[in-house]
Structure formats: C-alpha cells, structure tokens
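Structure, please.
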Amino acid sequence: MPPTPKKTSKRSASSSKSSATKKTDIIISIRKPHICNIVARTKNHEFRKYLISGNVQRMWFYVSAPDQTLRYVAVVSHGKVVGKIENEDGLGNADFNAGLKRDDAKFAYEIKELYKLHDPLPIATLSKSYSISPPQRYAYVPEALFNDIAWDQQERLF
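Modelled structure (predicted):
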C-alpha cells in the first residue's frame, strides 16, 4: 500500500514526525477465540503478563494462525492490577481480580472502543510493506502503517 497524504485527524499533535514508530499504539498477537469474545463483548479486558507503557492508548490486534491478519484496533485503558477491575461481568474478570488467571496475567487492559479494519492486512503485506512480523509480546505500530490506516475512520463496533 503506498503511503497516503497526511490527513488532519484527532491524533496527538505531540508525536514526532521523525519517529519511526507510534509510541501510543502497539500491535499484539491474539488468538481467534479471544478476539471473537472481545467482538461479541463477552470479554471486555485483555489480560497480559506485562505492563505496557502508560503512553499506549490503542492495541492493534493481529489475529494469529490460521487467520494471520491485522484486523482490529482497540482503545484501551492503562494496565490494571489484580483486584482493580470494577465490573466483574466480563469473561475472566472475576478470576483476574481473585488472582486466579491460569496464564499468570498480572495486568488487565479494558477494551473501551473497538474498530474493525475495512481492509484487514495479511501477514505478507505487513511484512513486505511495513517490516512487521507477528509480535511475540508486542511491537510499536510503525509510523507508515499509522499514516496509511486512519484507525478512527474504520468501522466502529463499539
């Protein structure tokens, strides 16, 4: 995908144009059952073993094999620790608050808004156009990808 001209948007004006990545946006890998639960709104937090920088505002979800595409962007909260999820109705919330998550998750990120990309990006495009491989932990979104896909102009699911 060729870069598109810079558009005026709601994005932070404080970001450096010379920066290679957006420190407000990360790409994480997620398995299909988990993203399906997020889309269905039965899961309203993403659980991770690590604390993500407080600068991060959005998670871009790369759906792992067999899908292997970048499909969604979520506006997320800062990391919450065990016992700090206020509403335990979401899938895994009560277990997290009680310290019982099997995958040793120590931080929860509330999914506040979710956007579906109009044109999901397969791994071949991510690799060729943006030098992105599926992240093992997370990776910052390259500036070029952020400029090519206006996340706030995608289909808002909630």
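
If we ignore the residues flanking it in sequence, what's nearest Asn55?
Lys23 (5.0 Å; CB to CB, 6 or more residues apart in numbering). Placement of C-beta: from N, CA and C, glycine included.

tally of neighbours for the one you found?
Residues lying near Lys23 (other CB atoms under 10 Å) number 15.

Please tell me I have it right and it contacts Ser53.
Yes: contact between Lys23 and Ser53 holds when scored by CB atoms under 8 Å: they sit 7.0 Å apart.

and stretch 115-130, average pLDDT?
Stretch 115-130 comes out with an average pLDDT of 97.

could I have it exported to PDB, CA atoms only?
The C-alpha trace of stretch 115-130 is given here as PDB (Å, rounded to 0.1, in the frame of the first residue of the first chain):
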ATOM      1  CA  TYR A 115     -12.700  -0.700  15.500                       C
ATOM      2  CA  LYS A 116     -12.700  -3.300  12.700                       C
ATOM      3  CA  LEU A 117     -10.300  -2.500   9.800                       C
ATOM      4  CA  HIS A 118     -12.200  -2.100   6.400                       C
ATOM      5  CA  ASP A 119      -9.300  -3.900   4.700                       C
ATOM      6  CA  PRO A 120      -7.500  -6.300   7.100                       C
ATOM      7  CA  LEU A 121      -3.800  -6.700   6.400                       C
ATOM      8  CA  PRO A 122      -2.400 -10.200   5.900                       C
ATOM      9  CA  ILE A 123       1.000 -11.100   7.300                       C
ATOM     10  CA  ALA A 124       2.500 -10.900   3.800                       C
ATOM     11  CA  THR A 125       1.500  -7.300   3.400                       C
ATOM     12  CA  LEU A 126       2.600  -6.400   6.900                       C
ATOM     13  CA  SER A 127       6.000  -8.000   6.300                       C
ATOM     14  CA  LYS A 128       6.600  -6.500   2.800                       C
ATOM     15  CA  SER A 129       5.200  -3.000   3.300                       C
ATOM     16  CA  TYR A 130       5.900  -2.400   7.000                       C
END
